[in-house]
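Colleague: Structure of the sequence below:
(2 chains)
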Amino acid sequence: MVYLDYIAAAPVLPEVYEAMLPYFTEHWGNPSSIHELGEKAREALEKARAQVADLIGAAPEEIIFTSCGTEANNFALKGIAWAHQNRGKHIVISSVEHFSIMHCAKTLERWGFEVTRLPVDSYGMVNPADVEKALRPDTILVSVMHANNEVGTIQPIAEIGRLCRERNVLFHTDAVATVGLIPVNVEELNVDLLTLSANTFYGPKGAAALYLRKGVRIQPLLDGGIQERGLRAGTENVPAIVGMGVAAAIAKKETNSRIRHLQALRDRLIEELPKRIPDTILLGHPHQRLPNNVSVAIEYVEGESMLLFMDMAGIRISSGSACVSRSLKVSHVMLAMGISAATAQGSLVFTLGIHNTEKDVDRVLAALPPVVQRLREMSPLYHKAKRAQASKQLSGGGHSVQR
Amino acid sequence: MYSAKVMEHFLHPRNVGVIEDADGVGEVGNPACGDVMTFYVKVKEDRIAEVKFQTFGCAAAIAVASMVSEMAKGKHISEALKITNRDVAEALEGLPKQKLHCSNLGADALHKAIEDYLARKKEKEAGDDGNQSSCAR
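Modeller: Residues are numbered from 1 along each chain as shown, chains lettered A, B, ... in the order given. Prediction:
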């Protein structure tokens, strides 16, 4: 099997798995208990907190564990909105955010907040000047993702953060797609809140965190006990958090070598796919992009069909086409980038991981062109486009003869 | 997600292609919505002698078009016009709820091709009548 869908899920590292095991069976205490079993769990929890904090240049007390990135994003937006609504009710997000931000923003609108959605350019990039224009005296929060999970574009977060700081506006970034994959430092990025998830860096699912800069007021999303300094009630998922900590420590050590490995594979795919499949368009920014993301649109064919044929060939990838989304809606990210709905239908997203090899890339490059050709043969759009091209060439040729 | 029947038709679609001298052509769908289907029919004595299709779409759309083409072949046009989306979905041993609209598209494209045939036939008959009447003059 060739797996190129690491943004959806990644296997945990063997060291991570090994580290988690005792916390299911041996050290299974509740970290809130004050007896020895509880103490053991608490120690493990605090060690993981320090490891996660270290990965992003934060202090341990600035890390609040959550169950997933979606929870952390909801906590950031709703928690800040509730806590700061007396100061203003205006929030700014980008138009290419993950649904956990997009849908959260819609909920806040229903609750009386006003949301400005920033446009992006054809690469999916937010212009800091647009952020500056959007800021108002009643703006309490800006949330722009660090990198887009679909097209891989990395946003100018440090610059946006600087603008927000100058205007005394809190700034959150959803860094689920970047933490553990590229260097992320909360000081350098000028962020007040940051979402990260263990799964991106080969930790387990069910473990994520919100970085909350010391001194920033936030309203808890869950009411209950005093876990996570009273900011996130509910018994902590100790085994998963332990795994997250170990994965974070390994990621910190290996980030640079991972980047080199992933970029080499990514660049070969980016270079070779359009050569082997005409009418293939690279989506996202050509340079400011995640080292593991290859997002393309293949004209005249539909994503789900390609994906299933590739699956039959043992290659697991993803697509942003409407037919793979249960809502049957074309990716909002691509529409925001100005890509036509028809082109967006042919999107394929390859997200590479540390386990991928040159051979995997070779297999993709060998398997995909015949799949595309087969689907194009039965596509009325392809035949229409070819006919139009032929007639254009014919009329162009006639013109040159007359000359 | 898909039934074995859907996958079988998706992987080995029947009657893919174009009939250059088709008696009727019907196209439905919109690339923005994800599916475009074109059906071509050749009709002899009001029976569908040959049917071909082209599809831009997902696995369900391809399987639906393939199944509709199989169901229509050899049928009298009045019978072919009665093929419903439900018939198509049933013949494919079910479709995921969100993909049921694809079965609509398949039946619609076939019906449109037959309607095109009927319109052409009517036009031709009217043309023939016209010729006769001009001869009579």
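Colleague: and the host helix or strand of A:Glu71, what other elements does it pack with?
Modeller: Assessed by DSSP states H and E, A:Glu71 sits inside helix A:69-84. In terms of contacts (3 or more CB pairs under 8 Å, 6 or more residues apart in numbering or on different chains; DSSP states H and E), helix A:69-84 is packed against strand A:63-66, helix A:99-110, strand A:139-143, strand A:170-174, strand A:193-197, strand A:208-212. Every C-beta, even on glycine, is put in place using the N, C-alpha and C of the backbone.
Colleague: Mean neighbour count, mean pLDDT and distance to chain B for the ones you listed - can I get that in a markdown table?
Modeller: Output for the helices and strands packed on helix A:69-84, formatted as a markdown table (neighbours: other CB atoms under 10 Å in any protein chain shown; pLDDT from 0 to 100; distance: least, CB to the nearest CB, whole Å):
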| stretch | mean neighbour count | mean pLDDT | distance to chain B |
| --- | --- | --- | --- |
| strand A:63-66 | 26 | 98 | 30 |
| helix A:99-110 | 17 | 97 | 17 |
| strand A:139-143 | 24 | 98 | 29 |
| strand A:170-174 | 28 | 98 | 27 |
| strand A:193-197 | 29 | 98 | 26 |
| strand A:208-212 | 28 | 98 | 28 |
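Colleague: Nearest to B:Gly127, out of the ones you listed?
Modeller: helix A:99-110 (57.3 Å; CB to CB).
Colleague: Please write out the alpha-carbon positions of the helix or strand following that closest one in CSV.
Modeller: Per DSSP H and E, the first helix or strand lying C-terminal to helix A:99-110 is strand A:114-118. C-alpha atoms of strand A:114-118 as CSV (Å, rounded to 0.1, in the frame of the first residue of the first chain):
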residue,chain,number,x,y,z
GLU,A,114,-20.1,40.2,13.6
VAL,A,115,-17.6,38.2,11.5
THR,A,116,-15.4,39.6,8.6
ARG,A,117,-14.1,36.9,6.3
LEU,A,118,-10.8,37.9,4.6
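Colleague: Averaged pLDDT, strand A:114-118. What do you get?
Modeller: For strand A:114-118, mean pLDDT is 98.
Colleague: Next, the residues that contact the helix or strand following it from outside, please.
Modeller: For strand A:114-118, the following helix or strand on the C-terminal side (DSSP H and E) is helix A:128-134. Outside of helix A:128-134, the residues within contact range by CB atoms under 8 Å, 6 or more residues apart in numbering or on different chains are A:92, A:116, A:118-119, A:142, A:144, A:156, A:159-160, A:163-164.
Colleague: For helix A:128-134, give the mean pLDDT please.
Modeller: 98.
Colleague: List the buried residues for it?
Modeller: Using 16 or more other CB atoms under 10 Å in any protein chain shown as the test for burial, helix A:128-134 gives A:128, A:130-131, A:134.
Colleague: Next one, pLDDT for residue 16 please.
Modeller: Looking at chain A here, since you left the chain open. For A:Val16, pLDDT reads 98.
Colleague: wait, chain B
Modeller: 97.
Colleague: What about it, how many residues nearby?
Modeller: Using other CB atoms under 10 Å in any protein chain shown, the number of residues around B:Val16 comes to 17.
Colleague: Skipping its backbone neighbours, what lies nearest it in space?
Modeller: Spatial nearest neighbour of B:Val16, excluding adjacent residues (CB to CB, 6 or more residues apart in numbering or on different chains): A:Met378 at 4.7 Å.
Colleague: And the pLDDT at the one you found?
Modeller: pLDDT, read off for A:Met378, is 95.
Colleague: if I read this right, A:Gly152 contacts A:His287, doesn't it?
Modeller: No: the pair formed by A:Gly152 and A:His287 falls short of the contact definition of CB atoms under 8 Å, at 10.8 Å.
Colleague: quick check, distance from the helix holding A:Glu71 to the centre of its chain.
Modeller: Centroid separation for helix A:69-84 versus its chain: 18 Å, with CA atoms, centre = their mean, to the nearest Å.
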